[in-house]
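Undergrad: requesting a structural model of the entry that follows:
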Amino acid sequence: MIDFTAEQNARTYSGRRAHPSWAEHVRALVDPRGADVVDIGCGGGIYSRAWRDLGADSVIGVDASAPILTSAGEDHRDDPRISFQQGDALATGLPDASADVVFARALVHHLQDLQAFTREARRLLRPGGTLIIQDRTLDDVSQPPDVDLPGGARHLRGWFFQEFPSLLEVEAARRPEAVALRQALQNSGAQVETSTVWEVRAEHADREALIADLAARTGRSILHELDDAELARLVSVVRDNLPPGPVIETDRWTLWAARIPAADSQQLDPHASAGHE
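TA: Numbers count the residues shown, from 1 in each chain. Coordinates of the predicted model:
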């Protein structure tokens, strides 16, 4: 399991830019221009930067890992409208009604209390604001589970699970049920819509560039479940199956957009500010 507080992992979620494919999906959900955004579970700030690129007026990245936040601050010191703060996803310490958008990418599968998270996100949102969760969930009956899709040049994760079925148990154990997440969002008074997206995670110049990325486990917490020998075996499988030339790596995600009505958000849920007096 990855240790997010370890110095050697300080840059595991740094060093890449969000792809334009992600921006297209986000613009379909919310107008980011002039928005104040809180990016919870921001890691190295990859998507904090992306929100600014989309026209957000300010972005505050929140994460529990001090080493990762130090790297994020170093990488984004050129933009004074991006700032970072160490905090708990369930209790960020940020002011009430301070955000137009709260964003959480690849976060909720690390959380045990979805209701506490949605309450905190809702506390931060202004009336009319939107919580966007980008993650993978269980029980999405609209299509086959992404872990069952075969591995290929555009869907590398398929090879992860084919080569190491034990990773399927890890993945299933950490994914929230779709029905539970929807209920937590609706309990907070939000109107919820979902969409499925294939995001281009990265474009690698060639096969060896991708192999180097895999070998370093960069931004791939699931690979920290493998020891070094197992990782070397996986790298060998990918190398043997990938054709030469550039590699466009994609991942399938669900985007949950939970919109707070343009009314007094605190009146919608009397417990929304519990613990933050």
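Undergrad: what residue ranges in the chain score low on pLDDT?
TA: 3, 5-6, 9-10, 140-142, 263-277 (pLDDT under 70).
Undergrad: spatially central residue for it, please.
TA: Residue closest to the mean C-alpha point of the chain, counted by Cα atoms, centre = their mean, is residue 105 at 1.8 Å.
Undergrad: partners of the residue nearest to it when sequence neighbours are not counted in the sheet?
TA: Nearest residue to residue 105 in three dimensions, chain neighbours excluded: residue 134, at 4.2 Å (Cβ to Cβ, 6 or more residues apart in numbering). C-betas here are computed from N, CA, C, even on glycine. Beta-bridge partners for residue 134, by DSSP bridges, are residue 105, residue 255.
Undergrad: picking that back up, what about the residue nearest to the centre of the chain, distance to residue 122?
TA: Computed with Cβ to Cβ, to the nearest Å, the distance linking residue 105 and residue 122 is 18 Å.
Undergrad: what do you get for residue 162?
TA: 40 Å.
Undergrad: ditto for residue 67
TA: For residue 67 relative to residue 122 (Cβ to Cβ), the value is 30 Å.
Undergrad: of the two, who's got more company?
TA: It is residue 122, of residue 67 and residue 122, that has more neighbours when counted by other Cβ atoms under 10 Å, with 27 against 18.
Undergrad: wait, is the more buried one part of a strand?
TA: No - using DSSP: H, G, I helix; E, B strand; the rest coil, the assignment for residue 122 is helix, not a strand.
Undergrad: quick one: it and residue 131 touch, right?
TA: Yes - between residue 122 and residue 131 a contact is recorded at 7.0 Å, counting by Cβ atoms under 8 Å.
Undergrad: would you confirm that residue 66 contacts residue 86?
TA: Yes - here residue 66 reaches residue 86: they are 5.8 Å apart, a contact under Cβ under 8 Å.
Undergrad: neighbour count winner among these two?
TA: Per other Cβ under 10 Å, whichever of residue 66 and residue 86 has more neighbours is residue 86, with 15 against 12.
Undergrad: quick one: the nearest residue to residue 232 once chain neighbours are set aside and residue 208, what's the gap?
TA: The shortest distance from residue 232 to any non-neighbouring residue, by Cβ to Cβ, 6+ apart, is to residue 215 (7.9 Å). Going from residue 215 to residue 208 by Cβ to Cβ gives 10 Å.
Undergrad: can you check residue 35 too?
TA: 40 Å.
Undergrad: settle it for me: which of these two has more neighbours?
TA: Using other Cβ under 10 Å, the more surrounded residue of residue 35 and residue 208 is residue 35, with 20 against 13.
Undergrad: residue 51 - that's part of a strand, no?
TA: No - according to three-state DSSP, residue 51 belongs to no strand; its state is helix.
Undergrad: just checking, residue 71 touches residue 44?
TA: Yes - the pair residue 71 / residue 44 is scored as a contact, 5.5 Å apart, by Cβ under 8 Å.
Undergrad: what is in contact with these two at once?
TA: The contact sets of residue 71 and residue 44 overlap at 11, 14 (Cβ atoms under 8 Å, 6 or more residues apart in numbering).
Undergrad: the two: who's more crowded?
TA: Using other Cβ under 10 Å, the more surrounded residue of residue 71 and residue 44 is residue 44, with 28 against 22.
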